[in-house]
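Just to be clear, the model below is a prediction. Sequence and coordinates:
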Amino acid sequence: MSKHMTRKATRHVNQNEGLIFEKSSPGKAAWKLPPLDVPEVDAAKLLGRSERKNLGNMPEVSEIEIIRHFTRLSTWNYAIDLGMYPLGSCTMKYNPRVNEVVSRLDGIANGHPYQPEKISQGALRIIKTLSDCLTEITGMDAITLQPAAGAHGELTGLLMVRAYHDSKGKPRKKVLIPDSAHGTNPATAAMVGYAIENLKSNSSGIVDTGMLEAQMNEDVAALMLTNPNTLGVFEQEIHKIADILHAKGGLLYMDGANMNALVGKVRPGDFGVDLMHLNLHKTFSTPHGGGGPGSGPVAIKKFLEPFLPKPVLISKSDSTLGFEYDRPQSIGRVRSFYGNFGMFVRALAYILANGPEGLRQTTEDAVLNANYIRKGLEGTYELPYKSPSMHEVVCSDKLQAKKGVRTMDIAKRLIDYGFHPYTTAFPLIVPGAMMIEPTESESKEELDLFVEAMHSIAQEVEEDAEMVRSAPHSTRVSRLDETAAARNPVLRWKP
Amino acid sequence: MRYLPKSPADREAMLKSMGARSIDDLFKSIPAEYRLNRDLKVPRQMAESEIVDWFRERSRENGDGQASFLGAGAYSHYRPVIIDSLISRGEFLTAYTPYQAEISQGTLQSIFEFQTMICELTGMEVANASMYDGSTAAAEAVMMAVRLTGRRSVVIARSVHPEYREVLATYAFHQGMPLVTVPFADSGRLDANAVEKAITADTACLLIQSPNFFGCIEDVEALAEIAHRKGAMLVVSIAEAVSLGIVEPPRSADIIAMEAQSFGVPMTFGGPYCGVIATREAYVRQLPGRLVGQTTDRSGKRGFVLTLATREQHIRREKATSNICTNQALVALMANIFMTIYGKVGLKELARQNLAKAAYAAQQFGKQATVLFSAAPRFNEIVVQTREDPYAINSRLLGHKIVGGFPLKKFYPELGNASLWCCTELTTRSTIDTAVGVVAESESSETSAADEATVAEVAK
């Protein structure tokens, strides 16, 4: 194997651990309740036949077993805290720990969503301050923080698009989506009752404005555009795109998944975007947590304000903050209460830690890192689109495929080198795509190690393709049988 | 900037290596007229100590240190300390969705255990990895029933959490899904006759909540019988997960849409929480959201993977069962650890304490005011009808550092001055007694002020 293998990672012993149910035995307990200070009750009498008698196979274990169980499991995960996590379009950046501390302060963590406004001013001030920061960062006029994740933000945005067109008397029929888009875009448009029309990219990987012009008509409600797109390329003709849409009454929706390339350098509101969502769990450093929670605020231009989900935060005449529920044109609610408030706290802490110069420097470093990797991989890996990269770079496995090694194989081999794989097989317009987003959180040393690992793998492909195809070789489990998992699903433990 | 690991010399060297003169060269693809040539108007960069101070200040403005009787979809339960110790491990906190199974076995196995425990508690056969919250889980469960039955309309109990109903209305609006609301009876439970009448040959499902918004446990068996007889599905929403420790789960439901916030998730002013959908094996291919399945690696070793992805947006795009992508994994992990801590015996004892506290509160309030729906079986919430406006009573209670029950007139004007009071294992007897005392004072002064006729009316 490669002489570089030990530069970033070394194998070490980690603990085996079964399922928690396999440790359970009657009489063990990790809980202790205080003595009851009110009279005991007879559940059978109070609940009648609704009384539950049996909790099935719920585990019975002690506290130390639980600590070891989850600690052992945790050591089987890769994480940003361990190293570079270059998943394209996922923006796996450092998750600052002060965010976690402030979100656990008593008045914040224990705040009840229905407590009187008089004693909710702290929470409302956090919502207001974050809203103000995000509208400034995006160059938009207003915002809702209610959506719980990016896809939920898309849903909220398209519901507003639909409500807007309805208010003009014609709901319109379809949404244009570039062929490079995330799967959530078409899935969302379908949920809002729109037909989806595919928009082909041109040879530079960006929107073909000629095609757009030809496809645009008064049945089109909106274009959902990711900018920079999933190739990491800025849509240079963005204003022309906006003009084509606006001329026929359509709206420009921006998927803000790649906002980490823009913060402090350019504002979507200034280049013709009518509405967009942000991912606080990408651009604004709230932790991914193994798949959530996220938060997907939707920022809008003034003319869409009547359609915002309710309630809407307002400043009252006595200078206190409160929620307004009487919004006759609102699309309604998209989630209970006010959204993933705990994520607002974290995102705001991130913005405060950065300030204007930190936010700008962050964007610059993210773009610098992606271009540094691009430069490092050029020649070794195919670069299907030569357009300038912003925060991520997309290569392909074209050169390695000749040896029968595909993007997923190279990704799996990266694991042996101590890195998390890049995003594989996406965007769909690039066969064998390798989508790499380093974020600003990587040092030059870590980037150099990554480039070195990629070079070393390319060499291994030439020397021993089979070894790469069967990677990873250093993990607890080797490649898992996904086909069997789907064919005969085992979705829970049974005794 | 302290989060950025580069020195000015590093940046210089990197730029030089790619032949760029300055960082601006890398932003050339942005047309000059749109580039921002000024600082963003956001607060200045703060030191960590300043950030902590700023949020401490906000925390103090936010009712820090009050006792509370609020429930209504967000519940205050004790959170064992090891939950935060464990979820703070960077390997859980800072990992992505476990697509790369070989280096995500920790997250994957813990989700598999979560799915298993949700099945055990709900009596269902499969559960997903999580949804955003109870409201969106309910809306997606209803849409699932629409797909499964091929029918279009939905019957919803008015005793389902009002905000859940609002979310469902938003989701259903553009899907051509007529929604029919059925009333609750004087008992506080659903009016079975109204349900019988409301379900037609076009009804995909009946959506109920149990315990319902007023804390009453519905007669799930009877409602399931009505729905099934008419070819509709029964979808049950559960907002207070701790109830599952002592209340029989709705085993005759076809789909259960849960909010798992009660399982160790801080209330945090409404989120992040943890929705879950559980159902029967036969319906798994219409289930939205992520699922973890057990499989083996090349040497036959047990391992776990995300599975049945052909339901999901990244594979099926517009034909997916939902657009959901990022969900609530870390919150599901909190719930998972909570369920593991309390387990088979503890969850029952915890639920029993909740039951006892609410029963005591009902008895005490009942001496001073009217407890509505008192004949129905309840878990940890009760509805108390007062003569005085509950906002006025609550305002006085705040003086005792107590947040009173949730006034229901906002959502149920027909219930007048009724409030929803929640007692959990954290509600002390003395807090209940103090609150009852304040209500008693209010009731007696209102009574003496009222004229004979009104008193006679109320007494009737």
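Right, received. Where do you want to start? Residues are numbered from 1 along each chain as shown, chains lettered A, B, ... in the order given.

got any ranges where the chain has weak pLDDT?
Just going to use chain A. Scanning chain A for pLDDT under 70 picks out A:1-6.

my question was about chain B
For chain B, the ranges with pLDDT under 70 are B:449-460.

Which stretches in it count as helices?
Taking DSSP state H, the helices of chain B run over residues B:8-17, B:48-60, B:82-87, B:90-93, B:105-122, B:134-149, B:162-172, B:192-198, B:220-229, B:313-316, B:329-368, B:390-398, B:429-449, B:452-459.

Any idea which of the ones you listed gets closest to A:Met408?
Shortest distance between A:Met408 and these, using CB to CB, is found for helix B:313-316: 14.5 Å. No exception for glycine: its C-beta is placed from N, CA and C like everyone else's.

hang on, the earlier thing: in a markdown table, list the helices of chain B along with mean neighbour count and distance to chain A.
Converted to a markdown table, the helices of chain B look like this (neighbours: other CB atoms under 10 Å in any protein chain shown; distance: least, CB to the nearest CB, whole Å):
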| stretch | mean neighbour count | distance to chain A |
| --- | --- | --- |
| helix B:8-17 | 14 | 5 |
| helix B:48-60 | 17 | 3 |
| helix B:82-87 | 19 | 4 |
| helix B:90-93 | 22 | 3 |
| helix B:105-122 | 26 | 4 |
| helix B:134-149 | 26 | 4 |
| helix B:162-172 | 23 | 4 |
| helix B:192-198 | 16 | 16 |
| helix B:220-229 | 18 | 8 |
| helix B:313-316 | 17 | 4 |
| helix B:329-368 | 24 | 3 |
| helix B:390-398 | 19 | 7 |
| helix B:429-449 | 17 | 4 |
| helix B:452-459 | 10 | 27 |
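
so can I have TSV of those helices showing distance to A:Pro186?
Shown next, in TSV, are the helices of chain B (distance: least, CB to CB, whole Å):
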stretch	distance to A:Pro186
helix B:8-17	37
helix B:48-60	39
helix B:82-87	33
helix B:90-93	31
helix B:105-122	26
helix B:134-149	17
helix B:162-172	17
helix B:192-198	35
helix B:220-229	33
helix B:313-316	8
helix B:329-368	24
helix B:390-398	47
helix B:429-449	52
helix B:452-459	59
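
These: which one's closest to A:Gly332?
Evaluated over these, closeness to A:Gly332 peaks at helix B:162-172, with 3.7 Å, by CB to CB.

So which elements touch the closest one?
helix B:134-149, strand B:153-157, strand B:179-182 (3 or more CB pairs under 8 Å, 6 or more residues apart in numbering or on different chains; DSSP states H and E).

Now render these as a markdown table, adding distance to A:Leu46.
What follows is the helices and strands packed on helix B:162-172, written out as a markdown table (distance: least, CB to CB, whole Å):
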| stretch | distance to A:Leu46 |
| --- | --- |
| helix B:134-149 | 24 |
| strand B:153-157 | 22 |
| strand B:179-182 | 26 |
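
Can you check which of the helices of chain B gets nearest to A:Val394?
helix B:313-316 (16.5 Å).

for the closest residue to B:Gln294 other than its chain neighbours, what are its contacts?
Nearest residue to B:Gln294 in three dimensions, chain neighbours excluded: A:Val490, at 4.1 Å (CB to CB, 6 or more residues apart in numbering or on different chains). Applying CB atoms under 8 Å, 6 or more residues apart in numbering or on different chains, we find A:Val490 in contact with B:293-295.

Now list the buried members of those residues.
Using 16 or more other CB atoms under 10 Å in any protein chain shown as the burial test, the contacts of A:Val490 include B:293-295 as buried.

closest to B:Glu163 among those residues?
Using CB to CB, the buried ones among the contacts of A:Val490 come closest to B:Glu163 at B:Gly293, 33.1 Å.

Give me the distance between that closest one and chain A.
Counting by CB to the nearest CB, to the nearest Å, the gap from B:Gly293 to chain A is 4 Å.

Report the contact partners of the closest residue to that residue other than its chain neighbours.
Nearest non-adjacent residue to B:Gly293, counting by CB to CB, 6+ apart: B:Thr307, 3.6 Å away. B:Thr307 is in contact with A:482, A:485-486, A:489, A:491, B:291-293, B:295, counting by CB under 8 Å, 6+ apart.

Among those, name the ones in strands.
Of the positions in those, B:292-293, B:295 sit in strands, assigned by DSSP state E.

State the distance from the nearest residue to A:Val273 once chain neighbours are set aside to chain B.
Closest residue to A:Val273 apart from its sequence neighbours, by CB to CB, 6+ apart: A:Met254 at 4.5 Å. Counting by CB to the nearest CB, the separation of A:Met254 from chain B is 13 Å.

A:Met254 sits in which helix or strand?
Under DSSP states H and E, the secondary-structure element containing A:Met254 is strand A:251-255.

contacting residues around that strand?
Contact with strand A:251-255 is made by A:150, A:154, A:157-158, A:161, A:164, A:181-182, A:185, A:221-227, A:241-242, A:245-246, A:268, A:272-277, as judged by CB under 8 Å, 6+ apart.

Could you report the neighbour count for the closest residue to B:Glu218 other than its chain neighbours?
Among residues not flanking B:Glu218 along the chain, B:Ser210 sits closest, at 4.1 Å (CB to CB, 6+ apart). Using other CB atoms under 10 Å in any protein chain shown, B:Ser210 has 30 neighbouring residues.

Identify the residues contacting B:Ser210.
By CB under 8 Å, 6+ apart, the residues touching B:Ser210 are B:217-218, B:220, B:236-238, B:247, B:250.
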